[in-house]
Structures are given as structure tokens and as C-alpha cells.
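Visitor: model this:
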Amino acid sequence: MATTRDSRKFDVVLYGASGFVGRQTVAYFAQQPHVTALGLKWAIAGRSADKLEVVRKAFGSTPMGVLVAEAQDAAAMDRLARSTRVVLSTAGPFALYGSELVAACVRHGTHYVDITGETPWVRGLIDRHHEDAQRKGVRIIPFCGFDSIPSDLSARLANEAMWQRHGEACTQVKAAFSIRGGFNGGTLASLFNMLASGQSDAMADPFLLNPVGTRPVDVSLHGDPMTPRLDPDFSAWLGPFMMSTINTRAVRRSAALLGYAPDYSYQEYLRLGRGPIAAMAATSLSVGSFTSQAALRLAPIRTLAQKLAPKPGAGPSEASMDGGSFRCQFVGHSASGKTVRGLIADQGDPGNRATTKMLCESALALALQLDDLPGGRQHGGLLTPASGLGDVLVQRLRAAGMTLQVEPAKP
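Guide: The predicted model follows:
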């Protein structure tokens, strides 16, 4: 059973706090006046006492606890999970450093959020922990960063708007992303680990994360788009989006958990623009996506890519992250042809600044508004942002400056 606020030393523990994104989560918590005003008790945690001490000194005027816990040490993970109501983790690759922590959170009734995009790892968590977490009312919610909150919430917003305006369900939602930003070393390390561990086939399964019995008969209709297209819904050329093989799996799990239409379809793309130059860019992207995916499955190419990529703990400069942005335009259709449109967007590098905001607000939703979340206080399981945090997260992100809107209905 998940615990009450007063029964543990901390409300939130930030695990992986000395990493690149982890340091940003510490800064986010330290800069939120309502965190102090509400008396939220929080701590930083990780594997290295020395690195954590550097982080603590950087925010010396901010009250916080410090916990040292090795990721592979089950006893240390138990102590961490028992000390807090919510764990926020940025310590990837999660398949290497996250399994003991999630298991401890389920054992001790501690809610959990992270920023993983490692879908095969999450499939394993579902198989091992969903029923136990569901029984205990513990929310284990991966994908709480840029992968996959914009995708997951856009699908939820589209479905809600379709019901409110037309009394029908969305049977199809498409999202088109425009992004400006860079990668950090941790994100790339997770990708390389998935490929090196032979998980390519699992990653390619469109319904990898779905509950048993919710896989459609013809999975091929939901295959990942690999070719360019001139899409009338967006009046633009679209190409493959590198995050879609993560995001679409999360959205399809949400669709099953939340009961979207039985024949529900979700896909997403990268928006390239209009005209012949955009058409050429979409074609080049499609060819490049196919060849790069094939190349990265080869060990020598992967080794070279790892040498050239930023190392874990490294990432874009502050100026680069501040100058980034993303836009996720979405369109939903009903079986009768009704349409809704909307936008999720924010300033700041999507994989770092926006991810930090989304992850931290997800943890704060669990810490501060548990009774208002979908299903009420006792709801639990291996959930998604849409099914586990829902409209509470929508409102928190809006209050934090992110755009989440559905266009007004046409008269």
C-alpha cells in the first residue's frame, strides 16, 4: 500500500542527481518557490558520494538530503525506497541501473517516475511488477520526459476533445514534431545499450508494451512509417521521427489502459515543411533513417558511433539548451470523419530543458496531488504518463509555461 505524506523522511528523492539531466532536476527543484512554501522534503541520491557532494555544494542554500545508493545493491535500493514517497530517476541506461530500484519501489509502496526510452526494459517491468504494483496502489510511470509525454498527452487531449465536442472517440491520431536541440550522453548510452544487447526485434514490435489481449490481429497496419509523405492534415511533408519507435508504444499502452476506440491508430512523424526542398529533405531523412538503423546494428559501426558521441554526464551547452524548442502538432479523427486539432510546445532543448520540466512536474504531481490523479489514491500499476498522471500533469505543465491546447471548434 502506498504511504501517506507524513510517514517517511522525504517526499521525493532524485536518483542519478549527479548526471547531466540529474543536475538539471536538482536545479529545477531548488528554483521552485512552491516546493519550499509547501514544505516539500526532498533529497538527492546516486552512486558516488563525491559527485553528490559537488551537487549539494552547488545548491548549498537549499535544504536537501543526500543518499548514497549503488544501483545493483538491493539492500541499498530498499533503504532508499523506504525513505521516500516518490522516486524520480535519471540514472540510465535504465536496463543497467534501474531494475533494482523499481523492484524496491514496488516492494515498499513508493511511486516512481523516470525518463527512460528503453521499451524492452519497460516490457520486462510490466511482466514482473504490473500486477503487484496494481494490487498495492503503487504508480510506476516510465517515459516521463520528451519521450513520451508530448505524444501521450496529445493523444489523450485529442480523445477528450473528440468526446466533449462530438460525443465520439478518436479512431486515429497523428502527431507531427518540429524540434531544435541536441542529445546528451546518457540518452545515446541507453540507445547503444539496447542495440548491443540484441533487442532490435523487440524494439520493432509496435505493440510491445500493450497489455495481454489488446494486440490487434493485423499488426502490420501499425508499422512504423519509413517513407516520406505529403500529409493533407498538416499541409506539409513528413518524414520518419526518430522517437516514434518509443512514443507510439507508450501511446498504444495508454490507449489500451484508458479504453480508447478498439480500432485506435496512432502514428507520429517529423515535420519538414512545404515545397520541393521539404520534399527532398523528407526523402533524404527516410533514406538516412533506414541506413543508420541498419548500420547501428553492426558492432563495428556502433563502436565507432559510441566513440564519437557525447559521454554519459555530458550534453549540450547552457546556451544551446536555452535556444532549443519543440512543437508537437496533432490531429485526431473519428470514425464518422469528425476532426480535432491541437498543439503541445515549449521553449528549451526538448531532450534536456523540456524533459527536466516534464519529469519534475510528474514527480510533483505524485507528491502533491495523488488524490486528484486518474483512478484516485489507490490506483497503481506499470502506467504511462496519460494513464497515471492525466489531466493533473496537463495543468501542472501549463502552469510551468508549456503550451498544451486544443484548437477551438469551428462554428
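Visitor: Which residue ranges of this structure form strands?
Guide: Applying DSSP state E to the chain gives strands spanning 10-15, 42-46, 65-68, 84-89, 111-114, 139-141, 170-180, 229-231, 236-239, 265-273, 325-334, 339-347, 381-382, 403-406.
Visitor: so where's the stretch 151-300 of the chain shaky on pLDDT?
Guide: Applying pLDDT under 70 to the stretch 151-300 of the chain flags residues 182-200, 285, 287-300.
Visitor: all helices for it, in order.
Guide: With helices called from DSSP state H, counting those that start in this stretch, the stretch 151-300 of the chain shows them at 185-196, 200-203, 244-258, 275-296, 299-308.
Visitor: if we can go back for a sec, who wins for proximity to residue 125 among the strands of the chain?
Guide: strand 381-382 (5.6 Å; Cβ to Cβ). Yep, even glycine has a C-beta here, placed from its N, CA and C like the rest.
Visitor: Direction included, what does the closest one pair against?
Guide: Strand 381-382 has the following strand partners under DSSP bridges: strand 139-141 (parallel).
Visitor: quick one: contacts of the partner strand?
Guide: Strand 139-141 is contacted by residues 2, 102, 105-106, 111-114, 125, 129, 133, 362, 366, 373, 379-385, 388-389 when judged by Cβ atoms under 8 Å, 6 or more residues apart in numbering.
Visitor: any idea of the mean pLDDT in it?
Guide: Averaged across strand 139-141, the pLDDT comes to 98.
Visitor: Over to stretch 89-106?
Guide: Stretch 89-106 comes out at a mean pLDDT of 95.
Visitor: Render the CA-only coordinates of that stretch in CSV, please.
Guide: Extracted in CSV, the C-alpha atoms of stretch 89-106 (Å, rounded to 0.1, in the frame of the first residue of the first chain):
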residue,chain,number,x,y,z
SER,A,89,15.2,8.7,-11.6
THR,A,90,17.5,9.9,-14.3
ALA,A,91,20.1,7.1,-13.9
GLY,A,92,20.4,5.4,-17.3
PRO,A,93,20.9,3.2,-19.1
PHE,A,94,17.9,2.0,-17.1
ALA,A,95,18.3,-1.6,-18.1
LEU,A,96,21.7,-1.5,-16.3
TYR,A,97,20.9,0.8,-13.4
GLY,A,98,17.1,0.8,-12.9
SER,A,99,15.8,-2.7,-12.2
GLU,A,100,16.6,-3.0,-8.6
LEU,A,101,15.3,0.5,-7.9
VAL,A,102,11.9,-0.2,-9.5
ALA,A,103,11.7,-3.5,-7.7
ALA,A,104,12.4,-1.8,-4.4
CYS,A,105,9.7,0.9,-5.1
VAL,A,106,7.1,-1.8,-5.7
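Visitor: Name the nearest residue to the most centrally placed residue in the chain, ignoring sequence neighbours.
Guide: Nearest to the geometric centre of the chain sits residue 143, at 2.5 Å (Cα atoms, centre = their mean). Using Cβ to Cβ, 6 or more residues apart in numbering and skipping the chain neighbours, the partner closest in space to residue 143 is residue 250 (4.7 Å).
Visitor: Next, count neighbours for the one you found.
Guide: Using other Cβ atoms under 10 Å, the number of residues around residue 250 comes to 27.
Visitor: that older thread, residues contacting the residue nearest to the centre of the chain?
Guide: Counted by Cβ under 8 Å, 6+ apart, residue 143 has contacts 114, 115, 116, 117, 122, 149, 152, 246, 247, 250, 384, 385.
Visitor: Test my guess that residue 49 contacts residue 67.
Guide: No. Counting by Cβ atoms under 8 Å, residue 49 stays clear of residue 67, with 9.8 Å between them.
Visitor: And those two? Which one has more around it.
Guide: Counting neighbours by other Cβ under 10 Å for residue 49 and for residue 67 shows that residue 67 has the greater number, 21 against 11.
Visitor: list the contacts for the nearest residue to residue 355 once chain neighbours are set aside?
Guide: Residue nearest to residue 355 in three dimensions, not counting chain neighbours: residue 145, with 3.6 Å by Cβ to Cβ, 6+ apart. Residue 145 sits next to 21, 115, 117, 351, 354, 355, 358, 359 when contact means Cβ under 8 Å, 6+ apart.
Visitor: Lowest-confidence entry in these?
Guide: residue 351 (87).
Visitor: any idea which of the contacts of residue 143 is closest to residue 217?
Guide: Ranked by distance to residue 217 (Cβ to Cβ), those are led by residue 250 at 21.9 Å.
Visitor: Could you turn the buried ones of the contacts of residue 145 into a ChimeraX selection?
Guide: Per 16 or more other Cβ atoms under 10 Å, the buried members of the contacts of residue 145 correspond to this ChimeraX selection:
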select :21,115,117,351,354,355,358,359
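Visitor: Pick out the most distant pair among the contacts of residue 145.
Guide: Maximum pairwise distance among the contacts of residue 145 (Cβ to Cβ): 14.3 Å, between 117 and 354.
Visitor: rewinding a little: for the strands of the chain, give me a markdown table that also has distance to residue 157.
Guide: Shown next, in a markdown table, are those (distance: least, Cβ to Cβ, whole Å):
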| stretch | distance to residue 157 |
| --- | --- |
| strand 10-15 | 26 |
| strand 42-46 | 30 |
| strand 65-68 | 37 |
| strand 84-89 | 24 |
| strand 111-114 | 20 |
| strand 139-141 | 18 |
| strand 170-180 | 9 |
| strand 229-231 | 20 |
| strand 236-239 | 20 |
| strand 265-273 | 13 |
| strand 325-334 | 8 |
| strand 339-347 | 6 |
| strand 381-382 | 22 |
| strand 403-406 | 6 |
